[in-house]
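Novice: give me a 3D structure for the following:
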Amino acid sequence: MIISEEKESRDSAVVQLIDFNLNRNENSLVPDLFQKLNNTMKNSPSVKNHLKFSQNFEKIGVVLLMDDGIDLVISEQYDCLIINDGNYLKIYNLPQEGDGINLSVDRFKCLLSVQYEYSFACMKLVNERGEDFIYATARGDCVVIKIRVSDLMKGEPTLIWQSIFAVEIEKLDVFKNKVYITSGSEIIILDSSNGQPPILEVNMPAIVDGYYLKILSENQILVGDNEKLKLYGRNNGEWILISDFLIGGITYIYHEEVSNLLYISINQNKGNISVIEMKNGNFELVKTFGEFVYNTGMKIDRRSGYLYVCNTCSFEVLIYK
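Specialist: I've put the predicted structure just below:
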């Protein structure tokens with residue numbers, strides 16, 4: 001609801017005071033504009049005090065899945081957890097800090113389940129101009145897809161675009177307007193707006209049995225393979241290896257920006273989560289935790305500090321505080 005408005009001449013600014021606590025239906029602003037303004041206010045760093053994970057690994061909840069969830073994302077725009085489960089995307093409510101421990105499975109009932117034509121693998125959620133989008137790869141299909149989260153929330157399995165390749169795409173990351181994907185030993189770059197022909201960028205780092213990558217900046221790429229964690233830097237257009245860290249069996253890398261720590265899923269021998277500090281181009285192991293059957297995707301909700309881990313072969317997502 002617009003509770004106050006001032007207008008001067010046609011050359012002056014218009015000032016409107018808006019009550020953001022009112023129900024959206026009661027607001028006379030265009031709904032999409034109100035949604036974007038409201039999200040901007042809710043997600044503003046000055047409003048939210050982002051929390052980092054405690055590293056205590058105290059299990060407080062479990063989400064049971066029907067198939068096998070490989071990855072998950074957190075939408076702050078819609079305040080929900082989105083888990084892939086085979087060819088479904090499933091939406092769950094998010095517990096907040098102060099909800100207490102020993103949260104039951106009942107606390108995490110699926111709010112909405114939407115079926116797609118592809119079986120999901122790796123996912124990345126990106127907020128673009130105030131709106132959430134999901135980029136994803138598919139198991140058994142040589143494809144990368146882009147989904148608008150607002151369509152998902154309506155129960156509509158609509159794809160913005162799909163980009164098909166000759167070989168299976170393994171992992172992806174998104175940085176600015178580019179989608180970086182791994183295929184075999186190659187890193188391929190797509191235009192995020194349309195997924196159209198790969199953007200040519202010479203001298204991209206090669207990956208040995210490539211499996212995961214994280215784009216830290218335009219000049220730094222983190223690569224995880226079956227042998228090592230590697231940090232590459234770009235100097236005068238050339239990508240060079242800055243440092244590496246012997247840690248085999250990497251299946252997932254999550255970068256907690258608040259603490260600048262790397263949370264890495266390891267699946268050699270007995271799987272674990274390795275917490276690694278990255279400082280001045282060097283790596284140092286901080287902590288290892290757990291014996292997982294096969295852990296893959298994980299995310300930290302920066303508003304609660306909770307860690308969510310896909311324990312794929314046991315068909316569950318574990319929640320830690």
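Novice: make it CA atoms for all contacts and neighbour counts henceforth
Specialist: OK.
Novice: please identify the buried residues of stretch 182-198?
Specialist: Buried residues in stretch 182-198, counted by 16 or more other C-alpha atoms under 10 Å: 182-184, 187-192, 195.
Novice: state which strand of the protein is the longest.
Specialist: Across the chain, the strand with the greatest residue count (assigned by DSSP state E) is strand 282-292.
Novice: next SSE downstream of that one?
Specialist: Using DSSP states H and E, the helix or strand that follows strand 282-292 in sequence is strand 295-301.
Novice: quickly run through the sheet partners of the helix or strand just after that following strand, with directions.
Specialist: Where DSSP H and E defines the elements, the next helix or strand beyond strand 295-301 is strand 306-311. Within its sheet, strand 306-311 is paired with strand 295-301 (antiparallel), strand 316-320 (antiparallel), according to DSSP bridges.
Novice: output strand 306-311 in CSV with nothing but the alpha carbons.
Specialist: C-alpha atoms of strand 306-311 as CSV (Å, rounded to 0.1, in the frame of the first residue of the first chain):
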residue,chain,number,x,y,z
TYR,A,306,22.7,-24.4,8.8
LEU,A,307,24.5,-26.9,6.5
TYR,A,308,22.5,-29.1,4.1
VAL,A,309,24.2,-32.3,2.7
CYS,A,310,22.9,-34.7,0.1
ASN,A,311,23.7,-38.2,1.3
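Novice: returning to that earlier point: using PDB, write down the CA coordinates of the longest strand of the chain.
Specialist: Presented in PDB, the C-alpha positions along strand 282-292 are these (Å, rounded to 0.1, in the frame of the first residue of the first chain):
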ATOM      1  CA  ASN A 282      47.500 -21.800  -0.500                       C
ATOM      2  CA  PHE A 283      45.300 -24.600   0.900                       C
ATOM      3  CA  GLU A 284      45.200 -25.900   4.500                       C
ATOM      4  CA  LEU A 285      43.000 -28.700   5.900                       C
ATOM      5  CA  VAL A 286      40.900 -27.400   8.800                       C
ATOM      6  CA  LYS A 287      38.700 -30.300   9.600                       C
ATOM      7  CA  THR A 288      37.200 -33.500   8.300                       C
ATOM      8  CA  PHE A 289      33.800 -34.900   9.300                       C
ATOM      9  CA  GLY A 290      31.600 -37.900   8.800                       C
ATOM     10  CA  GLU A 291      31.400 -41.300   7.100                       C
ATOM     11  CA  PHE A 292      28.900 -40.800   4.300                       C
END
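Novice: mind giving me the packing neighbours of that strand?
Specialist: On a contact count with 3 or more C-alpha pairs under 8 Å, 6 or more residues apart in numbering; DSSP states H and E, strand 282-292 meets strand 238-246, strand 271-279.
Novice: with just CA atoms, put the first one into CSV.
Specialist: Presented in CSV, the C-alpha positions along strand 238-246 are these (Å, rounded to 0.1, in the frame of the first residue of the first chain):
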residue,chain,number,x,y,z
GLU,A,238,47.3,-17.4,-19.9
TRP,A,239,45.9,-19.7,-17.2
ILE,A,240,48.7,-21.0,-14.9
LEU,A,241,48.6,-23.3,-11.9
ILE,A,242,49.1,-21.3,-8.7
SER,A,243,48.9,-24.1,-6.1
ASP,A,244,47.4,-27.6,-5.6
PHE,A,245,46.4,-29.8,-2.7
LEU,A,246,46.5,-33.6,-2.7
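Novice: fine by me, we can end here.
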